[in-house]
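Student: Predicted coordinates and the sequence they were generated for:
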Amino acid sequence: MTIGGISSDLEFRNWILQQPEGQTLLRCYQCGRCTSACPVAEIDSSFNPRLFLEKIILADEALAEERLIWTCLTCEQCEVRCPEHVKIPQILILAKVRGLATGNTPQTALDRARSILRQGRTIQVSDPMIKTREKMELPDLGSPPVEQLTKMLTDLKLAKRLESTESRYGGGESE
Ligand code: SF4
Ligand code: SF4
């Protein structure tokens, strides 16, 4: 099956290695420091950045079905601790791009994209949230420039792509 120009796990690995950040994967020697530094791995032992990289290197077909990648916070703690400065968060983003192409995208990710399109935020700001922020003397969140954001995302054809992804893979609206 050809997906977004990538027809196999081997092609996916080669595509990753063609990207500037992806080339850093060649420096990985599987020491596991990235996993030790990862806050997600600390609370969920099934989330293992070292293992994700191993699966990409070995062109393991199981990676295409891997949804745990979507729980990466892109916090970059792994990259900071990596002795070889492998661009792990960016490589995981590339793996998510593949997930978008194959429909292996968690509904929560589609919901967040829809929420940005509608209200300029990934989540809805509730009254209790606002009160908590006030108590903590945090600054007012203000209103996001929704019209500008929607126009920009529409111009970039992201709005259309989201609709097409949702219709292809059964995504829905969560509000
Ligand atoms: S810390 Fe760097 S070299 Fe070690 S496993 Fe992770 S990515 Fe590979
Ligand atoms: S960027 Fe992702 S993989 Fe790296 S430490 Fe943060 S959550 Fe873990």
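Tutor: Done, it's in. Only a predicted model underlies this, so the values are computations on that prediction, with no experimental measurement involved. Numbering: from 1, shown residues only. Ligands and ions are numbered 1, 2, ... in the order given.
Student: average pLDDT for stretch 78-93?
Tutor: What stretch 78-93 shows for mean pLDDT is 96.
Student: how close does residue 133 sit to ligand 2?
Tutor: For residue 133, the distance to ligand 2 equals 25 Å [C-beta to the nearest ligand atom, to the nearest Å]. All C-beta spots, glycine's among them, are computed from the backbone N, C-alpha and C.
Student: Please renumber the chain so that the first residue is 58 from this point on.
Tutor: Fine by me, first position is 58 from now on; the one you just mentioned is residue 190.
Student: How many neighbouring residues does that residue have?
Tutor: Residues lying near residue 190 (other C-beta atoms under 10 Å) number 14.
Student: residues touching it, list them.
Tutor: By C-beta atoms under 8 Å, 6 or more residues apart in numbering, the residues touching residue 190 are 197-198.
Student: Residue 176 versus that one, what's the distance?
Tutor: In this view, residue 190 and residue 176 are 17 Å apart by C-beta to C-beta, to the nearest Å.
Student: Show me the helices in the protein, by range?
Tutor: For the chain, the helices defined by DSSP state H occupy 66-75, 90-94, 96-100, 106-114, 134-138, 145-159, 164-176, 184-192, 203-212, 215-226.
Student: now the first one, how far from the centre of its chain.
Tutor: The reference is to helix 66-75. Counting by C-alpha atoms, centre = their mean, to the nearest Å, helix 66-75 is centred 18 Å from the centre of its parent chain.
Student: Taking helix 145-159 as reference, get the angle to that helix.
Tutor: Per axes from the mean of the first three to the mean of the last three C-alpha atoms, to 10 degrees, the angle that helix 66-75 makes with helix 145-159 is 140 degrees.
Student: Averaged pLDDT, helix 66-75. What do you get?
Tutor: The average pLDDT for helix 66-75 rounds to 88.
Student: Could you do stretch 100-113 as well?
Tutor: Here the average pLDDT along stretch 100-113 is 94.
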